[in-house]
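> Please work out how this folds:
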Amino acid sequence: MTSKVYVALRVKASPQRAFEVFTQEIGAWWRPSALFQTTPRAPGVMAIEPGEGGRFTETLANGKVFEIGRVLIWEPPGRLVLSWRQANFPPDMHTEVEVKFEAVGDETRVSVEHRGFHQAPAESAARHGFPNALLLTKLAEYWQAQLRAIRDTVTP
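As a prediction, the model looks like this:
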């Protein structure tokens, strides 16, 4: 069994523009969360290096770079898959985030599926003491906030 969340939102932009905002402008729209921190320090600036194997990083104010994950699939403008690691994950744990950009009329449905939290043991700090259903609800709320931030950043 895998633990995953799926959220989606339409934005007033082409799939190409939505993909560009997600990947090239992530440092401008990303909203940090105390619950799903990627580093144990104050939030930094997110970035995604283009292409498969590219790094997904957060650069802190002191210049230190934390690698959250890697680009596993890079298929502009339709799909992006990233490995994902939070600061409080066990050392060998990574989850996976799949983002799709699908044209719907003159808009784009941006969808996020974040999967793999079943790997975190019940006592893991990554679960924050939440049972699985509540953890996934909080994760879905987190991604809904990120998608609203993309929607507010995208311009046609």
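
> which residues touch the helix of greatest length in the chain?
As assigned by DSSP state H, the longest helix anywhere in the chain is helix 132-153. For helix 132-153, contacts defined as CB atoms under 8 Å, 6 or more residues apart in numbering pick out 3-12, 18, 21-22, 25, 28-31, 33, 35-36, 110, 112, 114, 117-118, 127-128, 130. For the C-beta atoms, the positions are set from N, CA and C on the backbone; glycine is no exception.

> Out of those residues, name the ones that lie in strands.
Using DSSP state E, the subset of these located in strands is 4-11, 110, 112, 114.

> would you list the residues you listed in JSON lines and tack on distance to Gly54 and pLDDT?
Converted to JSON lines, these look like this (distance: CB to CB, whole Å; pLDDT from 0 to 100):
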{"residue": "Lys4", "distance to Gly54": "23", "pLDDT": "90"}
{"residue": "Val5", "distance to Gly54": "24", "pLDDT": "92"}
{"residue": "Tyr6", "distance to Gly54": "24", "pLDDT": "97"}
{"residue": "Val7", "distance to Gly54": "24", "pLDDT": "97"}
{"residue": "Ala8", "distance to Gly54": "24", "pLDDT": "98"}
{"residue": "Leu9", "distance to Gly54": "24", "pLDDT": "97"}
{"residue": "Arg10", "distance to Gly54": "27", "pLDDT": "97"}
{"residue": "Val11", "distance to Gly54": "23", "pLDDT": "97"}
{"residue": "Val110", "distance to Gly54": "19", "pLDDT": "98"}
{"residue": "Val112", "distance to Gly54": "18", "pLDDT": "97"}
{"residue": "His114", "distance to Gly54": "19", "pLDDT": "93"}
